[in-house]
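>>> Can you look at this prediction? I've put the sequence above it.
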Amino acid sequence: MAGIIVQLLLSWFIIWLYEKGNLSVLGLFPTAARVRDFFLFLVVTMLSCSSGFFLRMYFGQEQWGLNPAFTWQLLLDGAWWNIKSVLFEELIFRGVLFYILIRLLGATWAMIISSAAFGVYHWFSFGILGNPAQMIMVFFITGAAGLLYAYGFVKTGALYATIAIHFGWNFTKGFIFSEGSIGNGILVLAKPAPKVDVSYFIYYLVILTPFVLYFLMNFLVLKRRAQAISKGGREFKFIKAVS
């Protein structure tokens, strides 16, 4: 938590130096609309991510059950770990530096730079430097996710939607279905895992469906939210730079 506080203080200092502004440029103050956005995008993202596991259960005959070591304290610890991780990354890549890039270069170039930096960052966080194949794959996947998060900030003028999308994916995949770096979470896969032969179509359907839903559904909802904001007379200065 101390690291997040330091990030916020540095962010405030940077935006004050740049335009004598404050952290309101990040849309941090909670409003009814922003809270609704948070839960809307959280649910959309969690359902999108879960779809891949549901398909694995159906086609791959996987069985998932409650973690025998599950406790409410484990849930709180897992949620808090993911919240801190997401806030750390969002304040770096969609924080005041991203806002300043938007003001200097326009939203499109700011989004490209932010998403590329987000992709490169994951080379280090995933420890894959020196493995070109993995580096390329991770760059495109995490870079695309970074582009979605940046687009979310541009379209809503606040971090609530981006945090919800980011957290929703990480928490669902990494903790609810225990495929993260902090060990078993809520559900665990029954062992031994079944070996099932499926067609290439089914294989790629299972692999790609959660990603397609994740990007497509969040993009469409963001577009709709931006239209609602614009019609309500609350269009943000930098939204017009993005089609």
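Nice, thanks for sending it over.
>>> who touches the spatially closest residue to residue 190 that is not a sequence neighbour in this structure?
Closest residue to residue 190 apart from its sequence neighbours, by Cβ to Cβ, 6 or more residues apart in numbering: residue 63 at 4.1 Å. C-betas here are computed from N, CA, C, even on glycine. By Cβ atoms under 8 Å, 6 or more residues apart in numbering, the residues touching residue 63 are 57, 189, 190, 194.
>>> I'd guessed the first one sits against residue 51; true?
Meaning residue 57. No - using Cβ atoms under 8 Å, residue 57 makes no contact with residue 51, being 10.7 Å away.
>>> can you tell me which of the contacts of residue 63 lies nearest to residue 227?
Nearest to residue 227 among the contacts of residue 63, counting by Cβ to Cβ, is residue 57 at 36.5 Å.
>>> what number of residues lie near that closest one?
Here the number of neighbours of residue 57 (other Cβ atoms under 10 Å) works out to 13.
>>> Mind telling me what element residue 124 is part of?
helix 107-125 (DSSP states H and E).
>>> Check the gap between the spatially most central residue of the chain and residue 16 for me.
Centroid-nearest residue in the chain: residue 166, 1.7 Å away (criterion: Cα atoms, centre = their mean). To residue 16, residue 166 is 26 Å away according to Cβ to Cβ, to the nearest Å.
>>> Run through the neighbouring helices and strands of the helix or strand hosting residue 137.
Using DSSP H and E, residue 137 falls within helix 132-156. On a contact count with 3 or more Cβ pairs under 8 Å, 6 or more residues apart in numbering; DSSP states H and E, helix 132-156 meets helix 32-59, helix 72-93, helix 96-105, helix 107-125, helix 160-171, helix 200-231.
>>> Return the most buried member of the ones you listed.
Of the helices and strands packed on helix 132-156, the one with the most neighbours on average (mean count of other Cβ atoms under 10 Å) is helix 160-171, at a mean of 25.
>>> just the angle between that helix and helix 200-231, please?
Calculated by axes from the mean of the first three to the mean of the last three Cα atoms, to 10 degrees, helix 160-171 forms an angle of 160 degrees with helix 200-231.
>>> Show me the contact partners of the helix or strand just after helix 160-171.
Next along the chain after helix 160-171, taking DSSP H and E as the criterion, comes strand 187-189. Contact with strand 187-189 is made by 62, 63, 64, 65, 66, 67, 68, 176, 177, 178, as judged by Cβ under 8 Å, 6+ apart.
>>> Show me what the mean pLDDT comes to for the helix holding residue 124.
The predicted model assigns helix 107-125 a mean pLDDT of 96.
>>> Adjust the sequence numbering to begin at 25 for everything that follows.
Sure, I'll start counting at 25 from here, so that last one is helix 131-149.
>>> what does it rub up against?
113, 116-118, 122, 125-126, 128-129, 153, 159, 162-164, 166-171, 173-175, 178, 262-263, 265-266.
>>> just how off-centre is the helix holding residue 161 within its chain?
Helix 156-180 sits 9 Å away from the centroid of its parent chain (Cα atoms, centre = their mean, to the nearest Å).
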